[in-house]
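1. give the three-dimensional model of this entry:
(2 chains)
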Protein chains: 2
Amino acid sequence: MGEYTAWIISIGNELLIGKTVNTNATWLARKLTLLGYEVRRIIAIPDYEEDEVETFREAIRRGVRVVVSTGGLGPTFDDRTSEYLSRALNRPYVLNDDALRLVVEKFKSRGIELTEPRLKQAKMPLGAKPLPNPVGTAPGIWVKEGNTIIVALPGVPSEMMAIFENYVEPKLRELGPKLHFVERSIEVKGVPEADLAPIIERGMKMSSRIYIKSHPKGHEIGAPYIELHVYASAERREDAERDVDNVVQFLINTIREKGGVVLSG
Amino acid sequence: MGEYTAWIISIGNELLIGKTVNTNATWLARKLTLLGYEVRRIIAIPDYEEDEVETFREAIRRGVRVVVSTGGLGPTFDDRTSEYLSRALNRPYVLNDDALRLVVEKFKSRGIELTEPRLKQAKMPLGAKPLPNPVGTAPGIWVKEGNTIIVALPGVPSEMMAIFENYVEPKLRELGPKLHFVERSIEVKGVPEADLAPIIERGMKMSSRIYIKSHPKGHEIGAPYIELHVYASAERREDAERDVDNVVQFLINTIREKGGVVLSG
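-> Numbers count the residues shown, from 1 in each chain, chains lettered A, B, ... in the order given. Predicted coordinates for the structure are as follows:
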């Protein structure tokens, strides 16, 4: 694995019974990719202790650079990500002073009673840093273990996104590779996917930074209609742009020579 | 882990760069849950050999009952799930006679040339059974290893769903537990999630078959608006229905006593 790898761990039974589509993971994957991290796993697990502890430990054991989890930070009895993360790290699960200040402030300013389930949201693995939640009450968690940064975020999308964009993204950009991600899509009609395969292969060989993925939009037989998604990452944005432009131009020319119709580019 | 566990393995870089939302996994998770299987993992991995081989092997090593993968069965150079699955099983990757018949028939009937990439879709691990594809050309794969059934399906949703509903679902129903899954949701306004927690806990204790999950729809502070999703699995549908009805009635009564508004039930 490369130096800047990432895992996304999505916690919650609602994902595993097919009640909720995991849009959080897609949003995070996109963000991490654009920051130059290579997302190698998106793992959805139920909120059981053994599953959470095992999955966090596995990411750390492999030296994944950044692990982002969502879910399990709320006030209810089955929101126990912070506790299980502490166990995964073999660290005490303690009241965090900074987190307590954030949580108390939130509730006091709105005249809401400080109950046990609410105070729980200030408990974290020893040595963790709370990330303020601009939208809800549960702070996010930032904790380092060896070379791995673990970021635990709430599962409510608006809270997850607000914490990530305000407090996680700037730090990960600073710590991450100096890479730029560039992409373009073209749509091809009249050439079956199997006939595009050798053309795609030639395009991929034009640069080691390039990836081309075909997405069938219609059935291969009858009216083949395929999207080609071309993307590149590079330290300098111009390099990625030039690679993508070159490859897209090659694809358009070659497909048109074959009698295909390129719909957009 | 229980007897009827399931993993879903979603293969494709488009998932890991955040280009595609993994709706296939949600659809399959729902189907498997309703068939009485307990989905313990949904894992999205890139289409690299090491990731695919490792993930299939891990599921087999743990004795997961049913593994369903999506993606990587098409004709292009990066569609290599069948080949990597063969490696994971330590079995030869061979042309399957039944699969060849299916593939040849599809193409011949439409007067389409049989190229190498197209014939590749008939290659499978030794001992596997092809699953006819009513919508596209690549057959699905059904293969057993020890106690584990592995089903590999295409990533195109219409093909994945058609193969699953026609050829996988009936078999899994036959092999699965004789369980019924029942669910109901109610919407609660005016009671913060933290105050619902002890009520939910009491509801959960009413039956070992019951699960209650709270989903915040608005922010906890201000106008709390929460969905409670109640579900149960049981060998007899009446048992699951009775449990769900009892618990929903308990929740409605208790929440109304607390001054909360129950919007639907």
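2. C-alpha only now, for contacts and for neighbours.
-> OK.
3. how about A:I42, secondary structure?
-> Counting by DSSP: H, G, I helix; E, B strand; the rest coil, the backbone at A:I42 sits in strand.
4. what does the stretch 51-200 of chain A put close to chain B?
-> For the stretch 51-200 of chain A, the residues in contact with chain B (C-alpha under 8 Å from any C-alpha of the partner chain) are A:75-77, A:110, A:117-118, A:135-137, A:156, A:193-194, A:196-197.
5. now render these as CSV, adding pLDDT, secondary structure and distance to A:N246.
-> As requested, these are exported to CSV (pLDDT from 0 to 100; DSSP: H, G, I helix; E, B strand; the rest coil; distance: C-alpha to C-alpha, whole Å):
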residue, pLDDT, secondary structure, distance to A:N246
A:P75, 83, coil, 52
A:T76, 83, coil, 53
A:F77, 81, coil, 55
A:R110, 79, coil, 57
A:P117, 79, helix, 57
A:R118, 83, helix, 55
A:V135, 91, coil, 43
A:G136, 89, coil, 46
A:T137, 87, coil, 48
A:V156, 95, coil, 41
A:E193, 84, helix, 21
A:A194, 84, helix, 22
A:L196, 91, helix, 17
A:A197, 89, helix, 18
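6. give me the buried subset of these.
-> A:75-76, A:117-118, A:135-137, A:156, A:193-194, A:196-197 (16 or more other C-alpha atoms under 10 Å in any protein chain shown).
7. just how off-centre is the lowest-mean-pLDDT helix or strand in chain A within its chain?
-> Every helix and strand of chain A was ranked by mean pLDDT, DSSP states H and E. The lowest is helix A:116-119, at a mean of 82. Distance of helix A:116-119 from its chain centroid, counting by C-alpha atoms, centre = their mean, to the nearest Å, is 29 Å.
8. check which helices and strands that helix is in contact with.
-> helix A:97-108 (3 or more C-alpha pairs under 8 Å, 6 or more residues apart in numbering or on different chains; DSSP states H and E).
9. quick one: list the elements packing against the helix it packs on.
-> helix A:116-119, strand A:129-131.
10. can I get these in CSV including distance to A:N22?
-> Shown next, in CSV, are the helices and strands packed on helix A:97-108 (distance: least, C-alpha to C-alpha, whole Å):
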stretch, distance to A:N22
helix A:116-119, 26
strand A:129-131, 23
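11. which of these is buried the deepest?
-> The highest mean neighbour count among those, using mean count of other C-alpha atoms under 10 Å in any protein chain shown, belongs to strand A:129-131: a mean of 22.
12. what does that one contact?
-> A:96, A:98-99, A:139-143, A:163, A:167 (C-alpha atoms under 8 Å, 6 or more residues apart in numbering or on different chains).
13. pull out the buried residues from these.
-> A:96, A:99, A:139-143, A:163, A:167.
14. for chain B, state which of those is nearest.
-> Closest approach between the buried ones among the contacts of strand A:129-131 and chain B, by C-alpha to the nearest C-alpha: A:P139, at 13.5 Å.
15. hmm, back to that, sitting in strands, which of the buried ones among the contacts of strand A:129-131 do you find?
-> Judged by DSSP state E, the subset of the buried ones among the contacts of strand A:129-131 located in strands is A:140-143.
16. TSV for those, including pLDDT and distance to B:V64?
-> Formatted as TSV, these follow (pLDDT from 0 to 100; distance: C-alpha to C-alpha, whole Å):
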residue	pLDDT	distance to B:V64
A:G140	98	33
A:I141	98	32
A:W142	98	33
A:V143	98	32
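17. adding distance to B:L251, write the residues you listed out as TSV.
-> Listed next are these as TSV, based on distance: C-alpha to C-alpha, whole Å:
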residue	distance to B:L251
A:G140	30
A:I141	32
A:W142	36
A:V143	38
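18. now the two most distant members of these.
-> Farthest-apart pair in these is A:G140 and A:V143; separation 10.1 Å (C-alpha to C-alpha).
19. okay, and the common contacts of the two?
-> By C-alpha under 8 Å, 6+ apart, A:G140 and A:V143 have these common neighbours: A:V151.
20. now do the contacts for A:I45.
-> By C-alpha under 8 Å, 6+ apart, the contact set of A:I45 is A:9-13, A:15-16, A:51-52, B:40-42.
21. if we use 7 Å, what do you get?
-> Going by C-alpha atoms under 7 Å, 6 or more residues apart in numbering or on different chains, A:I45 touches A:10-12, A:51, B:40-42.
22. before we move on, what about A:A88?
-> Residues near A:A88 by C-alpha under 7 Å, 6+ apart: A:53, A:56-57.
23. can you pick the most crowded of those?
-> Neighbour counts for the contacts of A:A88, by other C-alpha atoms under 10 Å in any protein chain shown, peak at A:F56, which reaches 21 neighbours.
24. can you confirm that one is in a helix?
-> Yes: A:F56 sits within a helix when classified using three-state DSSP.
25. with adjacent residues omitted, what lies nearest to it?
-> If the residues on either side of it in the chain are set aside, A:F56 comes closest to A:A88, at 6.3 Å by C-alpha to C-alpha, 6 or more residues apart in numbering or on different chains.
26. and the one you found, what's its pLDDT?
-> The model reports A:A88 with a pLDDT of 98.
27. what distance do you get for it to B:A138?
-> Distance from A:A88 to B:A138, counting by C-alpha to C-alpha, to the nearest Å: 42 Å.
28. ok, now A:N24?
-> Applying C-alpha to C-alpha to A:N24 and B:A138 gives a distance of 31 Å.
29. likewise for A:R61?
-> 38 Å.
30. how about A:V21?
-> Taken as C-alpha to C-alpha, the span from A:V21 to B:A138 is 26 Å.
31. more neighbours: which of these two?
-> In this view A:V21 and B:A138 are compared by other C-alpha under 10 Å, and B:A138 has more residues nearby, 27 against 18.
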